[in-house]
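*Asks:* Next one to model:
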Amino acid sequence: MTLLRPRASVSVLAVLALSACGGDDVVRETGLSCGPGTEEADGVCVPAATSPGVACGEGTEDVGGECVPTALQPGHFLSPLVQLQSLHEVGSHTDEVRIRDDSLLLNCSYTFNVINAEDPADMEVLAGGLKHTIPGDTRTPGCKHLAWDENLVFTTHLGNIRNPAFLSGWDISDPEAPVQLHVLQEPGVSYEGVDVANHNIFVGLHGDGLGVYHYDSASGFARVGSLGGFTNAWGVAARGHHVFVADGVDGLVTVDATDPTAPVELGRVATGGQAKGVVVDGDFAYVAAGSAGVAVVDISDLESPVVVGRAEMPGTPLRLAYAERRLFVAAWNDVRVYDVSTPAAPTFIAAVRIPRAFEYEDPDRELPTMRTFGVAARGRDVFIGTWENPYSYRLDPDRLAPNIRLPEAAARIDFGPVAVGDTKTLPLEVTNQGTAPLTLVDNWISGSAFRVEPRQARIAPGEKIELELSYLASTADQEIGYLHIVSDDPAAPVRKTYLVGNAPGVSVGAPLPATTGTMLDGSTWTSEESAGSVLLLTYFATFCPVCANHLPDIEERFWLKYKDRGLQIAALNPREPVDQIGQVQQYCDNIKVSFPVGLEETASTYTAVTASFPGPNPFPVDVIVGKDGIVRYATHEYDPDAMTAVIEQALAE
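*Replies:* This next block holds a predicted model:
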């Protein structure tokens, strides 16, 4: 890492020999005539103390009496991941995408979709916008997970207040006219990940463990076997007679399903984090484990699986795909690619952040990050399921390039209240997660109240620096600015950050308003109960797909880690009425969280906080309050690393 600041001058090079002093410049009594940049001293010409007539501007320096550029120069790179197509006509809130050998790309979102992906640059929707007809339900939901057995595609939904839990699917013998299969609903059962082997359908059932089902076109679904002993059975991968289950905080479980009516647990291993997704290749399983990144598990001995490697990463890995010794990770805020030729030592290849289109009132704001939940791969073709629609990319693994990463909290950097004439300084971490040096060519701010240092920097692969952002308050009213980071990252040559000081309303530096919630156990919670403690107040909605991942991540990252150090957590739902508290309870039972959860009675605090966050992501919202009742952090872009830093500092005070 090299930081470069403008310098006033460097020593001027000069020739000291008498022969260098000549011409008809000023003639001294000694008869000497000294040239530019030198002067007479004791009868000889020596370098002058100051170069005459040279005043070099920013980005240059004086060399031999001339101003020469000193600025870092950008490299020239091509991105390893190149976008081919975006299918905007496909339903929003994609949860899963999977690619078949016949090049049909199947997509679960608010709808079910069948896509011809033979040419990833010219994908065609064969059947789109399909919704499931569920007995007694009028909303006709989409799905969360899918798997197939030849032309039968099986779909699941975990269920929430607005959508029922079910196991169903589609006959895609004619991919342009899919026919919905029967629907199975079992009382109190929630359906999550699904996979198929030997015509057996294996489904993760959260706390109810692993379910094994058969399907018959005449009679529909029938459960033929079950296996209990799970904490939160989520992702499922079936290979031959063996099943691999991602079991939340309990890691990976290996199962023998030779007799599908009586599956047997073989072994298990803690992966760390929250195990959600799993893919298998040969003797290795790769587990998406939330805060623990991706765990690489040696499954050569199914009775004693062992974690042998790990790919740590920002964000929260949720789903995985494998193709040609490469691992593709849907990690909430981006998709990441790793070389796993040596499985125990994953090597980063590339990552892509996809901005989400949004028309801010202020057109200078950077577009928000698209949430990414699904990924599929076929050779070098990458299919990404985002909050809005599927994308296709082409990977060139041999391209080396820098890759800039900013904290998601950088979407809005709040300096809080600052007295007129005072200055406040905040750091902004910039990481080069790429494979070539990243040159920050020009860091500059539009907005006279703000400054940034350094103006340039070079960051080695895998390294990071902190930019120093300062705010000099010229008024007690709100002031804003925009940091522009211009770099040679081919995928993101300009990143922007919104800066605000003396913001009105419930923002950083303001007291948290009195907040009241009706909790799931019937009690009343008030924010006053947290006086003198650090409070993480997180807002969710049961219809929010990302929240079903966010709340378990909060459980594992913050509640289990910090509750004994005094951290209090309250999760409030500002959108559902109190008479639906029973359905909220069922939702929370499915996602397995143990901190207090309830409904905000008036949603007044939620409304006051989110007034500072115009944008397309109303949930989740995280607010951290210090022991003094003052808001230390507030955002609607989940940034667990930033939250950890704030919580640790607040607890230490």
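
*Asks:* Rounded mean pLDDT for stretch 118-136, please.
*Replies:* Averaging pLDDT along stretch 118-136 gives 96.

*Asks:* cool, stretch 396-416 as well?
*Replies:* On average, stretch 396-416 scores 95.

*Asks:* and if you look at stretch 292-303?
*Replies:* Stretch 292-303 comes out at a mean pLDDT of 97.

*Asks:* Give me the helices and strands touching the longest helix belonging to the chain, please.
*Replies:* The longest helix of the chain (DSSP state H) is helix 640-652. When contacts are defined as 3 or more CB pairs under 8 Å, 6 or more residues apart in numbering; DSSP states H and E, helix 640-652 packs onto strand 534-539, strand 621-625, strand 631-635. No exception for glycine: its C-beta is placed from N, CA and C like everyone else's.

*Asks:* can you list the weak-confidence ranges in this structure?
*Replies:* Where the chain drops to pLDDT under 70, the residues are 1-32, 35-38, 46-54, 57-60, 68-69, 91.

*Asks:* Just the helices from it, written as ranges.
*Replies:* Going by DSSP H, the chain shows helices at 547-554, 560-562, 581-591, 604-610, 640-652.

*Asks:* so which of those helices is the most packed in?
*Replies:* helix 547-554 (a mean of 23; mean count of other CB atoms under 10 Å).

*Asks:* still on that earlier bit, now do the longest helix of the chain and strand 621-625, the angle between them.
*Replies:* Comparing the axes of helix 640-652 and strand 621-625 via axes from the mean of the first three to the mean of the last three CA atoms, to 10 degrees yields an angle of 20 degrees.

*Asks:* for helix 640-652, the distance to its chain's centre please.
*Replies:* In this view, helix 640-652 has its centroid 18 Å away from the chain centroid, taken as CA atoms, centre = their mean, to the nearest Å.

*Asks:* Send me that helix as PDB with only the CA atoms.
*Replies:* The C-alpha trace of helix 640-652 is given here as PDB (Å, rounded to 0.1, in the frame of the first residue of the first chain):
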ATOM      1  CA  PRO A 640     -22.400  -6.500  10.000                       C
ATOM      2  CA  ASP A 641     -18.700  -5.400  10.100                       C
ATOM      3  CA  ALA A 642     -19.600  -1.800  10.700                       C
ATOM      4  CA  MET A 643     -22.200  -2.800  13.300                       C
ATOM      5  CA  THR A 644     -19.600  -4.900  15.200                       C
ATOM      6  CA  ALA A 645     -17.200  -2.000  15.400                       C
ATOM      7  CA  VAL A 646     -19.900   0.300  16.800                       C
ATOM      8  CA  ILE A 647     -21.300  -2.200  19.300                       C
ATOM      9  CA  GLU A 648     -17.800  -3.100  20.600                       C
ATOM     10  CA  GLN A 649     -17.000   0.600  21.100                       C
ATOM     11  CA  ALA A 650     -20.300   1.300  22.800                       C
ATOM     12  CA  LEU A 651     -20.000  -1.700  25.100                       C
ATOM     13  CA  ALA A 652     -16.500  -0.500  26.100                       C
END
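
*Asks:* Touching it from outside, list them.
*Replies:* 291, 314-316, 407-409, 534, 536, 553, 557-558, 562, 565-567, 622, 624, 626-627, 632-633, 635 (CB atoms under 8 Å, 6 or more residues apart in numbering).

*Asks:* Just the buried ones from those?
*Replies:* With burial judged by 16 or more other CB atoms under 10 Å, the buried subset of the contacts of helix 640-652 is 291, 314-316, 407-409, 534, 536, 553, 557-558, 562, 567, 622, 624, 626-627, 632-633, 635.

*Asks:* Quick check: the gap between F383 and E124.
*Replies:* 14 Å (CB to CB, to the nearest Å).

*Asks:* Show me which of these two is the more surrounded one.
*Replies:* The neighbour count for F383 versus E124, taken as other CB atoms under 10 Å, is higher for F383 (28 against 12).

*Asks:* beta partners for that one?
*Replies:* A376, S392 (DSSP bridges).

*Asks:* who touches it in this structure?
*Replies:* So F383 contacts V97, I99, L105, A117, P120, V375, A376, A377, P390, Y391, S392, Y393 (CB under 8 Å, 6+ apart).

*Asks:* now the helices and strands packed on helix 640-652 in a markdown table, with distance to T111?
*Replies:* Output for the helices and strands packed on helix 640-652, formatted as a markdown table (distance: least, CB to CB, whole Å):
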| stretch | distance to T111 |
| --- | --- |
| strand 534-539 | 27 |
| strand 621-625 | 27 |
| strand 631-635 | 30 |
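
*Asks:* contacting residues around the most centrally placed residue in the chain?
*Replies:* Among the residues of the chain, the one closest to the centroid is N333, at 2.5 Å (CA atoms, centre = their mean). Listed by CB under 8 Å, 6+ apart, the contact partners of N333 are P314, G315, R353, T369, R371, T372, E408, Y638.

*Asks:* again, only using 6 Å
*Replies:* N333 makes contacts with G315, T369, E408, as judged by CB atoms under 6 Å, 6 or more residues apart in numbering.
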